[in-house]
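*Asks:* Fold the following for me, if possible:
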Amino acid sequence: MGIVSVDWLIEHQHDKNLIILDASLPAKVGGEQAAFQGKCIPGARFFDLKSKFSDPSGEFPLSFPSNERFQHSSRKLGISQDSCLVVYDQHGIYSSPRVWWMFRIMGHREVYVLDGGLPEWVSRGNPIENVQKKEYETGDFTAKAQMQFVKTYEEVVRNTSTQEFTLIDARSEGRFKGIEKEPRPQLKSGCIPGSVNIPYNDVLREGKYKSVEELRQLFESKLKHEKPLAFSCGSGLTACIVLLAYELAFQRVFAVYDGSWTEWATRQGLLEN
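*Replies:* Residues are numbered from 1 along each chain as shown. Got it, this is the predicted structure:
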């Protein structure tokens with residue numbers, strides 16, 4: 001169960017070990033603002049994905065952080081080993097699956113995405129409040145990264161020849177085929193050789209995940225070989241939307257190519273003139 005419904009959260013929001021995390025980014029890539037900027041579910045703690053939970057020395061956006069950085073920032077939010085985490089974002093399903101995946105890779109299993117996020121919460125008539133900065137009692141969460149689930153550039157380069165795993169690209173079909181511009185203007189669009197395109201919007205309907213049966217049919221129609229999977233996108237964010245969809249359908253979590261197309265295009269020299 002990688003997701004929970006608004007009904008589930010209403011029933012469990014006062015559970016002793018439950019922590020609600022707001023993983024919203026200020027804006028989507030391309031500048032789209034959330035309708036609920038500055039608002040959150042009552043009691044939610046802000047998970048600063050961009051500043052606190054990414055590698056500040058990373059060359060590319062949202063680089064996977066060290067154990068020490070992730071652990072320190074999690075403890076500052078009051079997260080402990082026995083915490084049950086529910087993550088959401090202001091766009092519905094956008095940045096929250098990245099946080100879900102990071103906690104899973106760091107060894108925490110009791111983490112779930114709120115299906116539909118803040119828009120679904122509000123549409124059901126539930127209250128929201130202004131985002132506030134707060135201090136929390138320090139948690140005891142211990143991070144132990146399983147780095148086999150974080151693919152590197154070198155592994156992806158090698159895989160273009162060996163095809164040991166299937167790389168799924170969650171970007172739009174236009175970007176994948178090189179006929180639509182990348183949101184980062186210095187990069188050309190296109191795809192990594194041998195990758196398969198499953199745009200992240202294809203696993204969603206009205207801001208929520210499609211049914212398990214629909215997701216199974218989608219993946220089975222796209223994947224013809226029984227190989228391990230890795231997921232990619234522009235910067236490693238929306239890749240996690242499709243990865244979570246696969247987990248919902250088949251109860252298996254695979255890897256993310258953390259640098260994704262931004263790193264690939266940069267290091268391959270696929271730059272606009």
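
*Asks:* remind me which residues of the stretch 151-273 of the chain are low pLDDT?
*Replies:* Where the stretch 151-273 of the chain drops to pLDDT under 70, the residues are 273.

*Asks:* quick one: the strands in it?
*Replies:* For the stretch 151-273 of the chain, the strands defined by DSSP state E, counting those that start in this stretch occupy 166-169, 196-197, 204-205, 208-209, 229-232, 255-257.

*Asks:* and what of the stretch 1-150 of the chain?
*Replies:* 3-4, 18-22, 39-40, 45-46, 84-88, 111-114, 129-130, 150-151.

*Asks:* how about a markdown table for those strands, with mean neighbour count and distance to Y209 added?
*Replies:* Any C-beta I mention is one placed from the backbone N, CA and C, and that applies to glycine too. Shown next, in a markdown table, are these (neighbours: other CB atoms under 10 Å; distance: least, CB to CB, whole Å):
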| stretch | mean neighbour count | distance to Y209 |
| --- | --- | --- |
| strand 3-4 | 20 | 6 |
| strand 18-22 | 22 | 18 |
| strand 39-40 | 20 | 22 |
| strand 45-46 | 18 | 24 |
| strand 84-88 | 25 | 13 |
| strand 111-114 | 24 | 8 |
| strand 129-130 | 10 | 26 |
| strand 150-151 | 22 | 23 |
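
*Asks:* Now render those strands as a markdown table, adding distance to S195.
*Replies:* Output for the strands of the stretch 1-150 of the chain, formatted as a markdown table (distance: least, CB to CB, whole Å):
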| stretch | distance to S195 |
| --- | --- |
| strand 3-4 | 26 |
| strand 18-22 | 31 |
| strand 39-40 | 36 |
| strand 45-46 | 34 |
| strand 84-88 | 27 |
| strand 111-114 | 24 |
| strand 129-130 | 42 |
| strand 150-151 | 12 |
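
*Asks:* S211 is nearest to which of those strands?
*Replies:* strand 3-4 (11.7 Å; CB to CB).

*Asks:* picking that back up, who wins for proximity to D48 among the strands of the stretch 151-273 of the chain?
*Replies:* Checked against CB to CB, the stretch from the strands of the stretch 151-273 of the chain lying closest is strand 255-257, at 19.5 Å.
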